[in-house]
Structures are given as structure tokens and as C-alpha cells.
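**Q** Structure for the following, please:
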Amino acid sequence: MVRHFLLPRTASKLTEEKLEVIMSSPPPENGPEDANHQSFWMPGNYQRTVKRTEDSFQVCNDIVACFQERARVERQYAQQLSEWTNKWKPIVDASPLYGSLLRAWQCFLSSADRLSTLHASICRSLVSEDGDRVRTWQKETFHKKIFGGFRESQDFDTGFARAQKPWAKRLKKLEKAKAAFHKASRKEHVARERETHAQGNPDIAIEKQRKIQEERELAQQEMEKVRARYEKVLEEVTRYAPRYMEEMESIFDQSQEEERKRISFLKQAFLSIHRHLDVTNNESVKAVYNELHNTLMSINEQEDLRWWKNTHGPGMPTDWPQFKEWVPDKKQKKGKKEVEQNAVVMERSVMIGGVRVRALYDYVGQEPDELSFKAGEEFLKIEDEDDQGWCRGMMDGGREGLYPANYVEVV
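**A** Reported below is the predicted structural model:
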């Protein structure tokens, strides 16, 4: 049993420390026998390390499949956002809301449109960037053999088997020597008990007692002979242990380095996936919600009420009734084609009392009949807007003139 190996005094301190770790490690709950059989150093137990390569290949497949499914979730969410926006946009546009409140509601829909585009891009990144990256690395790292398995795992298996073969032979020889010693010890123990029983029994003849004693002596000699053989084999195994450990650890270290590269790559792959999924640090998402928040904060009840007053309330311009002269129809001279024309004197609507307006921008009149004013200046609108977009107004000093209608707002 490896747990009972003893190093010769000539062994190095480093090797003693290594063997001490192997031989004195606490056994699991199932007992020392199970611990010994499960140890990496026992024949065949390196297979767990060899299998790790094939497991890593399968893990790559699982990672790709996992995040392809997440990509489908992102795509479906993007589609649902788009469908939601398309369904509600005409309803919102036709709703009774108006002004800043309507713009806030509409901003929820435009934000959803932008988020739909973002989640569609996350889907593409998970598939075309992260998935392809893992697939490419997997293809470059694991080289399949024609008849199954991978070249890397076969190389490790061959190396471990070559290093363990001499050790396994020595262990087999040791187990055989141990079994022979235990068998001889059992035989000597039985002979000693028979001798002890015979010495205290007067019914057994002296000749018989002498024969029993001779059998015990022969059994003891055989046991000592087998013990010496067992100790010799054990010493050979113990001397070989450092070389065995060195060769096994050399191959194990190569396996560890390959696993280190795999862990490092998958860490970077996971970080890339996290970067694509982490919308909390995405500047586009921040911009969407900042714009939405600003739009909501810009809801202004006074502005909305003023718009309603000027658009649907007392602030609306009105064509008040005015006197119109009758003008007779003009007749055409004889001999020419008769054309009827209705001559109606189109007069601009005169606003009784006028409407107080405020200039939104500075304006300098380009013609003698135009007004000039500064932004914020107030005056009266005395005639409604004409077909060319001009109104007639009157300044506080009594000067009248034309001005562009879109340069002012009703007070």
C-alpha cells in the first residue's frame, strides 16, 4: 500500500515532503482503502486528468448553445418591442393628449424603438462575435483523431501510461510479496497458538508437543524469510517513488498548462459576453433613458394650457363681421366670348380691439410698410394673417405696418 511507504534516509528532503503529502493525506469518510484507490498516484487514476480535455471540448459546445439561446431571447425581445411600438404609435398619435404630455407619451415609443435596435445588436454580437470566437478557439485548440478522441488527450494518456507502467509493475510485485508475508504470518500465528495450547494440556504426548513446536519454528522461519523478501521489494518501490513522481508531475504540469490556457480564454469569452449583455453601462441605453427622462421633466402644464387656449380657445383669431359694398358684374363687349367674373373685394379681417402679441425674434422691416421690433416686445395684431403669411399690427406708439406672422406669439 502506497500509504505505508517509507523513504530511505538517503532520499532528498524535497522528495520526502512530496511523499509525506501523498502518504499522510487524510482519508475520506469511506476509509483509507478508498482514499488510496482514488489517489492520483494509483494506477489508472490519471484518467480523470486525461478526460478533462474531452470535457473542455464539450463545455465549449454547451457555452455556445447556451448563449445562442440567450441571443434568441434578445431577438424575440427586440421583435416584441418593435411590435409594441407599431401597435401603439397610431393610437398615441391620435389620442386626445396634446403638447408636452403627448410628446412624453410618444417618447416612450421612440425609446422602445431604439432599445429594440440595441437588443437586436446584442443578439448579433452573441452569435457572430462571441459564438464564433469560441468556435474558432475550439477548432484551433482541440484536434480530433480519425477514429475518435483528441490528439491532446491521447498524448497525455500515452505519457501518463508510460510513466506509470514501471510503477504499476513494482506495485503488483509488492502486493504479491505482501500477500505472501501475510499468509506466512497467519500460518505462524496459528502454529504459535497450537503450541501454547499443547503446552498447557497434559493429555497431549511429549512427542506430539515436540512436533507441534517444530512446526511453529518452521512457520516462524518461513515468516521471517517472506518478511525479508517483502521488505526488500518495499525498499525497491520506495527508491523508485521519486522518479515516478517526477515523471508523473512533469506530464501533469503540461496538462495543467493547457487547462490554464483554457480557463484564461473562457474567462475572456465570458467577459466579452458580459460586456454585450450589460446594458447598465451601455452609453446608447443611457442616452435613451436620459432623453426620456428629460422629455418627461419638460412636461409643462402652463405651456400646454396656453397652446390649447390659442388653438381651441379664446386666443384663436376670428373673422368678425364687417360691411361689404356691392359691386356689379362687368359685362364683355359684343362680338367677344362672354366670360362671367365675380368681382369681390377681398378685404382683410379687421380685428375689433386687436390681439396682444409678443415678438419671438428680432425683426427689421425691409419695406416702408413693414414694422420693426425686438424679441420680447409686445404690440397689437389688428388684422389676421394673409395668404402670404403676413399680419398687420400696431405698435404702442400708433405706427401700423406688416410683419411675419410666425415671428410672434399670442400673449
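
**Q** Show me where the stretch 51-200 of the chain has its helices.
**A** In the stretch 51-200 of the chain, the segments counted as helices under DSSP state H, counting those that start in this stretch are 99-124, 132-141, 151-199.

**Q** Could you point out which of these sits nearest H276?
**A** Of all those, helix 99-124 sits nearest to H276, with 5.5 Å by Cβ to Cβ. In this view, the C-beta of every residue, glycine as well, is placed from N, C-alpha and C.

**Q** what helices or strands is the closest one leaning on?
**A** helix 47-93, helix 283-297, helix 301-312 (3 or more Cβ pairs under 8 Å, 6 or more residues apart in numbering; DSSP states H and E).

**Q** wait, which of the ones you listed is closest to E247?
**A** Across the helices and strands packed on helix 99-124, closest to E247 is helix 47-93 (Cβ to Cβ), at 14.2 Å.

**Q** In which helix or strand does D329 reside?
**A** Using DSSP states H and E, D329 sits within no helix or strand.

**Q** give me the number of residues near it?
**A** D329: 8 surrounding residues under other Cβ atoms under 10 Å.

**Q** what's the answer for L266, then?
**A** Neighbours around L266, by other Cβ under 10 Å: 16.

**Q** That one reaches V64, doesn't it?
**A** No - L266 is not in contact with V64 according to Cβ atoms under 8 Å; the separation is 11.6 Å.

**Q** got the contact list for K211?
**A** Under the criterion of Cβ atoms under 8 Å, 6 or more residues apart in numbering, K211 has no neighbours.

**Q** next one: phi and psi at it?
**A** Dihedral pair for K211: phi -70, psi -40, per degrees, to the nearest 10.

**Q** State the distance from F67 to V73.
**A** Using Cβ to Cβ, to the nearest Å, F67 is found at 10 Å from V73.

**Q** between those two, which one's more packed in?
**A** Higher neighbour count among F67 and V73: F67, with 22 against 14, using other Cβ under 10 Å.

**Q** nearest spatial neighbour of the more buried one, skipping sequence neighbours?
**A** Spatially, and ignoring its direct neighbours in sequence, F67 is nearest to L126 (5.1 Å; Cβ to Cβ, 6 or more residues apart in numbering).

**Q** Need the CA coordinates for stretch 363-381. PDB is fine.
**A** The C-alpha coordinates for stretch 363-381 follow below in PDB (Å, rounded to 0.1, in the frame of the first residue of the first chain):
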ATOM      1  CA  TYR A 363     -37.200  91.700 -37.000                       C
ATOM      2  CA  VAL A 364     -36.100  94.600 -39.100                       C
ATOM      3  CA  GLY A 365     -38.700  95.800 -41.700                       C
ATOM      4  CA  GLN A 366     -37.400  95.600 -45.300                       C
ATOM      5  CA  GLU A 367     -40.100  97.800 -46.800                       C
ATOM      6  CA  PRO A 368     -41.600 101.200 -45.600                       C
ATOM      7  CA  ASP A 369     -44.900  99.500 -44.800                       C
ATOM      8  CA  GLU A 370     -43.300  96.900 -42.500                       C
ATOM      9  CA  LEU A 371     -42.800  97.000 -38.700                       C
ATOM     10  CA  SER A 372     -39.500  96.500 -36.900                       C
ATOM     11  CA  PHE A 373     -39.300  95.100 -33.400                       C
ATOM     12  CA  LYS A 374     -37.100  93.300 -30.800                       C
ATOM     13  CA  ALA A 375     -37.700  89.900 -29.300                       C
ATOM     14  CA  GLY A 376     -40.000  90.100 -26.300                       C
ATOM     15  CA  GLU A 377     -41.600  93.400 -27.400                       C
ATOM     16  CA  GLU A 378     -45.400  93.400 -27.300                       C
ATOM     17  CA  PHE A 379     -47.900  95.100 -29.700                       C
ATOM     18  CA  LEU A 380     -51.400  94.700 -31.200                       C
ATOM     19  CA  LYS A 381     -52.300  92.400 -34.100                       C
END
